[in-house]
Every structure is written in structure tokens, then in C-alpha cells.
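**Q** For reference, the sequence and a predicted model appear below.
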Amino acid sequence: MSEITVTRVSEIRLPIEHGEFQLGYYSNSLDDKEHLTLHMGDIANGENVLVRVHSECLTGDIFGSRRCDCGEQLDHSLQLIAEEGRGLLIYLRQEGRGIGLLQKMHAYNLQDKGHDTVDANLMLGHAADERDYTLAALILQGFGITSVRLITNNPDKIESLESNGIVVNERTELQSFANADNSRYLTTKAERMKHMLQVPEIGARTNEEESHEPQSAD
């Protein structure tokens with residue numbers, strides 16, 4: 001394979017709830033997706049920069065799905081960066097741990113039949129996690145960032161960045177955003193995918209309980 005390139009095509013000022021960020025738009029030679037960055041403060045040629053590498057989750061990031069904790073992780077990471085006044089969030093378009101939105105929806109239907117997130121992906125012919133963080137490392141290198149404090153609970157993310165030349169000097173833990181709809185999902189991440197998080201005891205919602213919930217008039 002030829003050398004992978006990533007190019008920042010455009011950047012704008014983006015004031016959001018947590019403060020004023022710069023939104024960057026990237027093209028690359030690895031896939032046909034548009035990856036993004038949100039950064040605050042002077043991070044160029046920085047060391048020990050606070051960084052979150054976040055994979056796209058339409059259902060959680062946009063619609064606030066309670067089936068995962070992605071939306072809360074995104075919001076909390078931006079809050080941590082804003083509180084420090086300096087840092088970078090890389091938004092990779094890797095929906096459904098890299099399998100895409102449609103396959104993720106198929107996996108959700110399998111989960112509703114009793115399979116966990118890992119087995120659902122495997123039953124659809126995918127790996128448990130197909131994400132790749134090469135582009136994240138290249139984006140960091142483009143800023144001149146050589147070492148980071150990574151906001152993550154995922155050891156694979158740390159290993160991937162370090163294998164691509166980025167020193168992870170510290171891990172900033174993300175709290176467990178648990179609820180009755182995502183407790184099994186979080187437990188699977190901890191037990192089968194070795195994510196470094198503690199999942200509180202919360203009873204998972206059963207299909208029978210869901211069927212007796214009142215339906216919204218909307």
C-alpha cells in the first residue's frame with residue numbers, strides 16, 4: 001500500500017456550549033470519509049496535549065440514544081478540554097465500531113434477541129471491533145503533537161496510537177455513564193473487550209418491561 005496521507009481541507013471557528021473551538025475538516029487517501037477535529041487553544045507542536053479520539057455514533061452523538069454511552073463521552077470530553085482551555089478531539093467516521101450504520105442496526109436487532117455486542121458483530125461476519133486509529137495518529141502528527149494525555153477507557157486505542165508513533169503519557173479516565181438500557185453493553189465492553197471501567201449495578205431493561213411502557217402520544 002502506498003503511503004497514507006491526510007490533509008486538513010478547511011477550518012472554521014465553532015462556538016459551542018462548552019466554549020469556542022476550531023472545527024477542522026480532513027480528507028485522506030485511506031477511505032472516502034470526512035474526518036473532523038475540534039480543538040481549543042494552541043496545540044501546535046505540543047507535548048502532553050489532552051486528546052480524545054472519538055468514533056462516530058449517530059444514534060448516541062446526535063439522537064442521544066441510551067443504548068450506548070457515546071453521546072455522554074463526546075460531551076464530557078469536550079467539557080474536559082474546555083476546562084483546561086487547550087486540547088483536541090478527533091472525530092473519526094467509524095460508525096458502529098467500524099461496521100457502518102446499517103450493520104450496526106442489524107447488530108442492535110440481534111442484541112434485542114439476547115446476544116451481546118461482540119457476538120452480534122461476529123454473527124454478522126464482522127470482527128468485534130473493526131476500528132483503525134492510523135488516521136488519528138497522522139492528524140496528531142500533522143499538528144506536531146508527539147505525546148498526549150488520552151481521554152479513553154479503551155486499551156486498544158492506546159496501543160494503536162503508540163504503535164503509530166504517538167506517546168501516551170497519561171490516560172484520563174471517562175466515567176461510566178450507565179443506565180438500564182446500556183448496562184449490559186458497558187459490562188460487555190469491560191469483560192470481553194477489556195475496557196478499563198467500572199460498571200455500577202443497574203438492572204438491564206427486559207423486553208417484557210419495554211412492552212408495558214406507556215407509548216408517547218408524539
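**A** Now that the structure is in, tell me what you want to look at. If you're wondering where the values come from, they're calculated on a predicted model, not measured in any experiment. Numbers count the residues shown, from 1 in each chain.
**Q** Residue 191 belongs to a helix, doesn't it?
**A** Yes. Per DSSP: H, G, I helix; E, B strand; the rest coil, residue 191 lies within a helix segment.
**Q** Which secondary structure element of the protein has the lowest mean pLDDT?
**A** Within the chain, no helix or strand scores below helix 207-211, which has a mean of 42 by mean pLDDT, DSSP states H and E.
**Q** how about the helices in this protein?
**A** Here the chain has its helices, by DSSP state H, at 70-84, 101-112, 117-123, 134-143, 155-163, 183-192, 207-211.
**Q** Residue 10: which of those helices is closest?
**A** helix 134-143 (14.1 Å; Cβ to Cβ). C-betas here are computed from N, CA, C, even on glycine.
**Q** and that closest one with helix 155-163, angle?
**A** Relative orientation of helix 134-143 versus helix 155-163 (axes from the mean of the first three to the mean of the last three Cα atoms, to 10 degrees): 50 degrees.
**Q** and helix 134-143, average pLDDT?
**A** For helix 134-143, mean pLDDT is 96.
**Q** List the contacts of it.
**A** Contacts with helix 134-143, where a contact means Cβ atoms under 8 Å, 6 or more residues apart in numbering, come from 4-6, 8, 26, 28, 30, 35, 37, 39, 43-46, 49, 51, 53, 88, 90, 92, 148, 160-161, 164-166.
**Q** List only buried entries from the residues you listed.
**A** 6, 26, 28, 35, 37, 39, 43, 46, 49, 51, 53, 88, 90, 92, 148, 160-161, 164, 166 (16 or more other Cβ atoms under 10 Å).
**Q** Next, the buried residues of stretch 20-35.
**A** 21, 23, 24, 26, 28, 35.
**Q** coming back round to it: can you list which of the buried ones among the contacts of helix 134-143 are found in strands?
**A** Among the buried ones among the contacts of helix 134-143, the residues falling in strands (DSSP state E) are 6, 26, 28, 35, 37, 39, 49, 51, 53, 88, 90, 92, 148.
**Q** a markdown table for the residues you listed, including distance to residue 63?
**A** Formatted as a markdown table, these follow (distance: Cβ to Cβ, whole Å):
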| residue | distance to residue 63 |
| --- | --- |
| 6 | 29 |
| 26 | 24 |
| 28 | 27 |
| 35 | 21 |
| 37 | 23 |
| 39 | 25 |
| 49 | 30 |
| 51 | 26 |
| 53 | 22 |
| 88 | 25 |
| 90 | 22 |
| 92 | 19 |
| 148 | 30 |
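**Q** Determine which two of those residues are furthest apart.
**A** 28 and 49 (20.9 Å).
**Q** Could you work out the end-to-end span of stretch 150-161 for me?
**A** 10 Å (Cα to Cα, to the nearest Å).
**Q** List the buried residues of that stretch.
**A** Residues of stretch 150-161 classed as buried by neighbour count (16+ other Cβ under 10 Å): 150, 151, 152, 153, 154, 157, 158, 160, 161.
**Q** residues contacting the third one?
**A** Neighbouring residues of residue 152 by Cβ under 8 Å, 6+ apart: 52, 53, 158, 171, 172, 174.
**Q** follow-up on the earlier one: what's the closest of the helices of the chain to residue 200?
**A** Between the helices of the chain, helix 183-192 lies closest to residue 200; by Cβ to Cβ that is 8.0 Å.
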